[in-house]
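Enquirer: fold the stuff below for me.
(one chain, ligands or ions: 2)
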Amino acid sequence: MNICFQSSSLFSNLPLIIAGPCSAESLDQTLDTARSLKEIGINVYRAGLWKPRTFPGAFQGVGDKGLAWLKQVKEETGMMVATEVATREHTELCLANGIDVLWIGARTTTNPFAVQEIADSLKGRDDVIVFVKNPVSPDINLWIGALQRINNAGITKIGAIHRGFSSSGNHIYRNVPEWHIAIELHRRLPELPILCDPSHMGGHSDVIPTLSQQALDMGFDGLFIESHCNPSAALSDSEQQVTPLQLQEMLKSLVVRQKGQPNDVLNALRSQIDDCDNQLLEILNKRMSVSREIGCYKKGHDMQVVQTNRFDEILQNRVKQAQEMGMNGDFMKTVMSAIHQESVRQQIEIINNNDL
Ligand code: PEP
Ligand code: MN
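Expert: Ligands and ions are numbered 1, 2, ... in the order given. All right, here's what the predicted structure looks like:
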């Protein structure tokens with residue numbers, strides 16, 4: 001699962017900040033926003049031309065005519081320009097009109113046919129930089145597969161953008177961060193730059209500073225942020241856009257921490273963590289052997305493996321105990337559910353094994 005990655009000058013000064021409006025709406029709005037962003041030191045400008053909207057009546061983007069506006073931004077400000085592509089036609093138009101950076105949106109990453117079509121039209125154009133946003137659902141393989149399709153077309157200046165995942169529940173964020181998926185992507189593809197898009201993740205301008213700081217603390221290589229010269233008048237994603245001035249204030253307040261090197265203090269603490277993990281493994285193993293004994297008993301007495309009342313009682317008690325110790329209840333629920341799942345698997349193995 002290798003990605004052949006070639007560093008671009010874009011990533012030489014981290015964190016990389018890409019900013020611009022959700023959509024290019026008019027020549028004036030596109031240029032005004034670009035000029036103000038250039039003034040605060042932004043060198044890569046984003047603006048959507050073809051917008052993947054949920055409902056057909058919504059503003060669908062200005063389409064092809066916005067290409068000339070982005071060209072003008074590039075000529076006037078010297079910024080690199082970026083836009084979203086979802087089809088072969090978008091990609092070809094961007095390549096023909098000097099768009100420097102393309103991104104594949106969350107809805108498109110979900111569709112391998114669309115990604116392949118974009119990859120095919122990129123063949124031979126290794127000068128272009130391509131970012132792949134995570135798919136709408138938390139499927140890391142779909143994300144990696146899309147990156148591979150682009151890479152297999154010979155594009156080596158690639159990066160990923162984490163913009164959170166759709167969820168049916170009620171969440172404070174528009175798209176749930178699920179940071180562990182981005183961390184896993186980094187573990188599997190350590191060379192690949194990963195940006196965070198706090199705008200689409202948060203859905204509201206108030207939460208962007210917190211999400212941005214969290215992303216930097218977790219080692220993201222930069223931020224992909226929506227900024228509009230007049231957010232309240234924006235034709236799409238009005239609530240989550242910030243003015244260039246607000247963006248400047250936020251960027252000033254962000255703390256950029258170092259990766260850090262291992263040292264004696266950290267090593268001593270990490271060896272305590274190793275000890276704790278070893279004890280955890282021992283105790284889990286002990287718990288599983290008791291569970292297997294219960295499995296034998298259930299088998300001998302023709303009892304069903306899953307006893308929901310008992311699991312419910314365990315779950316409630318452990319969550320409460322964990323909370324009293326200062327741990328997160330959802331975390332303990334996840335831990336106990338995983339343990340229970342393995343316990344059930346082992347008991348089912350016993351019940352179905354005629355040699356036992
Ligand atoms: C966007 O960046 O404008 C966009 C549509 O984002 P996403 O694909 O993350 O929804
Ligand atoms: Mn948007």
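Enquirer: could you pull out the helices for the stretch 101-250 of the chain?
Expert: Using DSSP state H, counting those that start in this stretch, the helices assigned to the stretch 101-250 of the chain run over residues 106-109, 112-122, 140-152, 179-188, 198-202, 208-217, 244-253.
Enquirer: what parts of the stretch 101-250 of the chain come near ligand 1?
Expert: Applying CB under 6 Å from any ligand atom, one finds that the stretch 101-250 of the chain approaches ligand 1 through 105-106, 133, 163, 197, 200. Heads up, the C-betas are built off the backbone N, CA and C, glycines and all.
Enquirer: who's in contact with whichever residue of the chain sits closest to ligand 1?
Expert: Using CB to the nearest ligand atom, the single residue of the chain nearest to ligand 1 is residue 105, 3.0 Å away. By CB atoms under 8 Å, 6 or more residues apart in numbering, residue 105 lies in contact with 52, 84, 86, 133.
Enquirer: can you name the helix or strand that the closest residue to residue 98 other than its chain neighbours falls in?
Expert: The spatially closest residue to residue 98, leaving aside those adjacent along the chain, is residue 71, at 6.0 Å (CB to CB, 6 or more residues apart in numbering). Remark: residue 71 resides in helix 66-77, with elements defined by DSSP states H and E.
Enquirer: hmm, the next helix or strand along the chain from that helix in reach of ligand 2?
Expert: Along the chain past helix 66-77, the next helix or strand (assigned with DSSP H and E) turns out to be strand 80-84. No. Contact of strand 80-84 with ligand 2 (CB under 5 Å from the ion) is absent, the minimum separation being 9.1 Å.
Enquirer: show me the shaky parts of the protein.
Expert: Confidence mapping of the chain against pLDDT under 70 gives the ranges 1, 356.
Enquirer: helix or strand right after the lengthiest helix in it?
Expert: As assigned by DSSP state H, the longest helix anywhere in the chain is helix 264-300. Moving toward the C-terminus from helix 264-300, the next helix or strand (DSSP H and E) is helix 308-324.
Enquirer: what's that next one packed up against?
Expert: Of the remaining helices and strands, those touching helix 308-324 by 3 or more CB pairs under 8 Å, 6 or more residues apart in numbering; DSSP states H and E are helix 329-352.
Enquirer: check which helices and strands the helix it packs on is in contact with.
Expert: Contact analysis of helix 329-352 by 3+ CB pairs under 8 Å, 6+ apart lists helix 264-300, helix 308-324 as its packing neighbours.
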